[in-house]
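Colleague: Please find the sequence and the predicted model below.
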Amino acid sequence: MNINEIALFKHSSFNIGDSVYYTLRKNIVALNLKPGEALSIKDISDQWNVSRSPVRDALIKLEKEGLVDIIPQKGTIVSKIDLKRVAEERFLRESLEEHAVREFIKTYKESDIAILRHYIEMQLQSLKDNDYTSFLAFDDSFHSVFFKSIDKNMCWEIIESMSGHYKRIRLMSLWDEKILSNVVLQHQEVLENICNNNLEGAVEILRKHLTKISTEEMELLEKYPDYFKEQDHHNLTAKSFYGTI
């Protein structure tokens, strides 16, 4: 964790409690804090020169989001990725975003298209720089345009606040350069279909884009078993199979 991040928050409109929460959350989602890694209230408060109370409050809030596990008499760890929760978070996003795109294609402005193109260009630059975190941030920015353009900001905020497990596995999947290139290609295809007023084409590509990670879950689970919560392998295999249909 970068102590400069908390320093920036201290000079912003955030209070200390929010600063600690957002900084911890950012580092968990970005995998700077690894799944299963121990978190010490004392160490965090000492490192950031804050009292233990806001650190404790931040961890309680993160536990409610499923991003940390507070174990009585043992301490706090970064939660391991739960593939059942990943599936639910993906379902939430897919359901809301499909409706958003259907509304967006009826009302979008040329300025919206320009913004979408800009985020694709920024993703291409991140790809050249091997900057996975920025790539994922621009990926989210691309998708957020559909919600903001139709004045459904709260829906996007719900997705953002409830996608910690999904975001982590998305970031892990981006460690494969071929997958990175496919993400950009799918964004370009979504945009092309929108510009051609092909709603069903845009929605179909969007579905593939959002559900593609289900085909990669088993490979990631085998590659990084320590990052994942123990799964019911029978149900997991079935979900991964149906997720590809």
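Modeller: Arrived safely, thanks for sending.

Colleague: mind checking the SS state of residue 69?
Modeller: In terms of secondary structure, residue 69 is strand; the call rests on DSSP: H, G, I helix; E, B strand; the rest coil.

Colleague: so what's it bridging to?
Modeller: For residue 69, the beta-bridge assignment (DSSP bridges) gives partners residue 77.

Colleague: Looking at it now. What's its pLDDT?
Modeller: Among the per-residue scores, residue 69 holds a pLDDT of 97.

Colleague: What is the neighbour count of it?
Modeller: Burial of residue 69, expressed as a neighbour count using other Cβ atoms under 10 Å, amounts to 18. Using the backbone N, CA and C atoms, a C-beta is placed for each residue, glycine as well.

Colleague: Go ahead and confirm it touches residue 63.
Modeller: Yes. Using Cβ atoms under 8 Å as the test, residue 69 is close enough to residue 63 to be in contact (6.9 Å).

Colleague: Check the contact lists of the two and give me the overlap.
Modeller: In the contact map built from Cβ atoms under 8 Å, 6 or more residues apart in numbering, the residues linked to both residue 69 and residue 63 are residue 76.

Colleague: gap between the most centrally placed residue in the chain and residue 16?
Modeller: In the chain, the C-alpha nearest the mean C-alpha coordinate belongs to residue 167, at 2.6 Å (Cα atoms, centre = their mean). The spacing between residue 167 and residue 16, counted by Cβ to Cβ, to the nearest Å, is 25 Å.

Colleague: Also residue 69?
Modeller: From residue 69 over to residue 16 (counting by Cβ to Cβ), the distance is 24 Å.

Colleague: Doesn't residue 155 belong to a helix?
Modeller: Yes. Counting by three-state DSSP, one finds residue 155 located in a helix.

Colleague: Contacts only, for it.
Modeller: Contacts for residue 155 (Cβ under 8 Å, 6+ apart) come out as 96, 100, 147.

Colleague: go on, residue 149?
Modeller: Residues in contact with residue 149 (Cβ under 8 Å, 6+ apart) are 104, 107, 108, 109, 112.

Colleague: what do you get for residue 203?
Modeller: Contact analysis of residue 203 by Cβ under 8 Å, 6+ apart lists 98, 101, 102.

Colleague: now it, what's its secondary structure?
Modeller: Strictly by three-state DSSP, residue 203 counts as helix.

Colleague: Could you report the separation of it from residue 162?
Modeller: Applying Cβ to Cβ to residue 203 and residue 162 gives a distance of 22 Å.

Colleague: which residues in this structure form helices?
Modeller: Assigned by DSSP state H, the helices in the chain fall at 3-10, 16-29, 41-48, 52-64, 83-107, 110-129, 132-149, 153-161, 164-173, 177-195, 199-211, 217-223, 233-243.

Colleague: the inter-axis angle of the third one versus helix 16-29?
Modeller: Right, helix 41-48. Between helix 41-48 and helix 16-29, the angle comes out at 100 degrees (axes from the mean of the first three to the mean of the last three Cα atoms, to 10 degrees).

Colleague: thinking again about what came up before, adding distance to residue 119, pLDDT and neighbour count, write the contacts of residue 203 out as TSV.
Modeller: Rendered in TSV, the data for the contacts of residue 203 read as follows (distance: Cβ to Cβ, whole Å; pLDDT from 0 to 100; neighbours: other Cβ atoms under 10 Å):
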residue	distance to residue 119	pLDDT	neighbour count
98	19	95	16
101	15	96	22
102	20	96	15
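
Colleague: residues near the closest residue to residue 50 other than its chain neighbours, how many?
Modeller: For residue 50, the nearest residue in space outside its immediate sequence neighbours is residue 16; the separation is 5.6 Å by Cβ to Cβ, 6 or more residues apart in numbering. Number of residues near residue 16 (other Cβ under 10 Å) recorded here: 18.

Colleague: I appreciate the help and will end here.
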